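>>> Mind looking at a prediction? Sequence and model below.
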Amino acid sequence: MRKWLTRTCGDTSQEMCKPAVVFDVDDTLLDWYVLDSQYDFNMPYAQWLTCGVECDMPAIGAAKALFKTAKKLGASVFIITGGNDAQRGVISACLQKRGITGWKKLSTRSPVQESLTALDYKSHARAEIEKQGWQIGFAIGDQISDMAGGHTAQGFLLPNPMYFIP
């Protein structure tokens, strides 16, 4: 990350360069594996909502550390989740409860965006970040849609043995 920042921004101030990184939430920053495994990886939606509200899932340590490192090095952090606008408060509260704080923006799906594929929604959200002048160094997530479709210099895919979202 440090090399990317140097290569991208050089001697330019971070404020002028506007470096950014993008993180997904579920199974990237927050670990649903143990909870989902209790339901044989077929957790009922009502239970999923309850777990989300209670914030029963832990942070993924390595992703949380990378999040903090990005901020420490001067990059702004954006979070793009497939959760919808109605879930924004719960998602935000859970991230904060797990010590994942200080992001620039948390993007959730509007009612209009809920019909989009994850790839279309997330690549559009990254394009919007770029339109505001940010340079996205990398995107990290557990689904190909978290980094595919352009608008990032590099993507890092975390393994997810539980599900695939096209």
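Here it is on my side, so go on.
>>> What separation do you get for the closest residue to Asp85 other than its chain neighbours and Leu119?
Here the nearest residue to Asp85 in space, its sequence neighbours aside, is Thr108; by C-beta to C-beta, 6 or more residues apart in numbering that works out to 5.0 Å. Backbone N, C-alpha and C define where each C-beta goes, glycine included. In this view, Thr108 and Leu119 are 17 Å apart by C-beta to C-beta, to the nearest Å.
>>> Compare the two and say which one has the larger neighbour count.
For Thr108 versus Leu119, neighbours defined as other C-beta atoms under 10 Å are more numerous around Thr108 (22 against 17).
>>> ok, the lengthiest strand in the chain: who's next to it in the sheet?
Ranked by residue count and defined by DSSP state E, the top strand of the chain is strand 76-84. The partner list of strand 76-84 in its sheet, established with DSSP bridges, is strand 19-23 (parallel), strand 105-109 (parallel).
>>> mind listing what the residue nearest to the spatial centre of the chain touches?
Nearest to the geometric centre of the chain sits Asp24, at 2.0 Å (C-alpha atoms, centre = their mean). Residues in contact with Asp24 (C-beta atoms under 8 Å, 6 or more residues apart in numbering) are Ile79, Ile80, Thr81, Gly82, Ala139, Ile140, Gly141, Asp142, Gln143, Asp146.
>>> and of those, the nearest to Gly10?
Each of the contacts of Asp24 was checked against Gly10 using C-beta to C-beta; the closest is Ala139, at 22.3 Å.
>>> Quick one: closest of the strands paired with strand 76-84 to Thr152.
When the strands paired with strand 76-84 are compared by C-beta to C-beta, strand 19-23 sits nearest Thr152, at 6.6 Å.
>>> Out of the strands paired with strand 76-84, which is closest to Trp48?
strand 105-109 (15.7 Å).
>>> For the next helix or strand after that closest one, which helices and strands make contact with it?
Going down the chain from strand 105-109, the next helix or strand is helix 118-131, by DSSP states H and E. Packing partners of helix 118-131 (3 or more C-beta pairs under 8 Å, 6 or more residues apart in numbering; DSSP states H and E): strand 19-23, strand 76-84, strand 105-109, strand 135-141.
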